[in-house]
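Novice: sequence and predicted structure, then a few things I'm wondering about:
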Amino acid sequence: MLIKKILSHTLSAVMVLIFVVLAAAVVVSRASGGEPALFGYEIKTVLSGSMEPGIQTGSIVALKPGGDMTRFKKGDVITFMSEDNILITHRIVDASAKNAAGEVVYRTKGDNNDAADMTPVSSGNVVAEYTGVTVPYIGYAMNFAASKAGSVVLMIVPGLLLLLYALYSSWKALSALEKKNTALPQTPPGTDIQS
């Protein structure tokens, strides 16, 4: 009986925790424009396999924005804005000295690509530095959570599960109460009890 009670409370706590975490994920991703930031690090989803096997498609990566974008050297992994306004995370294969405008030009390459990128990257287009933190496959869930369908599913499904669990718990409690009432000895009607 004690084990059932512990399991019931644990299941309730887990359901509430899942609901709160999913709701928070949806709210955070909506508020931040699709992808959240955590403790000053931007969390981005990897959409291509150009950096595999180190950074897999569908992973999330932690990026450190800001700072001097001319500080990077050969071997560093940076995230930059391409000419097509797409964020790309690639490794620097060559860094030229500062020009008259104070910018550094980087040659970049995806680890899984055969050749370096065609267009050099100006330090003015560098957005962040890759921190080395990667969590595989979570990016798929993050993209789904940021979509309209994902927001609906992640808000409604946990709510329905909590409602169903509450109904089940109520039904179980009522059943136990009925059993307890039927197990009590009943005095026949019309019987006087004397002390």
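Specialist: Arrived safely, thanks for sending.
Novice: where do the strands of this protein begin and end?
Specialist: Using DSSP state E, the strands of the chain run over 37-38, 41-45, 60-65, 77-81, 87-95, 105-109, 121-122, 126-135.
Novice: what pairs with the fourth one, parallel or antiparallel?
Specialist: It refers to strand 77-81. Take DSSP bridges as the rule and strand 77-81 pairs in its sheet with strand 87-95 (antiparallel), strand 126-135 (antiparallel).
Novice: related to what we said a few turns ago, nearest to K172, out of the strands of the chain?
Specialist: With C-beta to C-beta, the closest approach to K172 among the strands of the chain belongs to strand 126-135: 38.0 Å. All C-beta atoms are positioned from the backbone trio N, CA, C, and that covers glycine.
Novice: any idea how far the residue positioned nearest the centre of the chain lies from F80?
Specialist: The centroid of the chain falls nearest to M142 when counting by C-alpha atoms, centre = their mean (5.2 Å). With distances taken as C-beta to C-beta, to the nearest Å, M142 is found 21 Å from F80.
Novice: can you redo the strands of the chain as a markdown table with mean neighbour count, mean pLDDT and distance to L177?
Specialist: Listed next are the strands of the chain as a markdown table, based on neighbours: other C-beta atoms under 10 Å; pLDDT from 0 to 100; distance: least, C-beta to C-beta, whole Å:
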| stretch | mean neighbour count | mean pLDDT | distance to L177 |
| --- | --- | --- | --- |
| strand 37-38 | 13 | 64 | 46 |
| strand 41-45 | 20 | 80 | 48 |
| strand 60-65 | 19 | 86 | 48 |
| strand 77-81 | 20 | 91 | 60 |
| strand 87-95 | 19 | 90 | 59 |
| strand 105-109 | 21 | 91 | 69 |
| strand 121-122 | 20 | 88 | 70 |
| strand 126-135 | 17 | 86 | 47 |
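Novice: ok, which of these comes nearest A166?
Specialist: Per C-beta to C-beta, nearest to A166 of the strands of the chain: strand 37-38, 31.7 Å.
Novice: report the longest helix in the protein, please.
Specialist: Criterion DSSP state H: the longest helix present in the chain is helix 148-183.
Novice: ok now that one, how far from the chain's centre?
Specialist: 27 Å (C-alpha atoms, centre = their mean, to the nearest Å).
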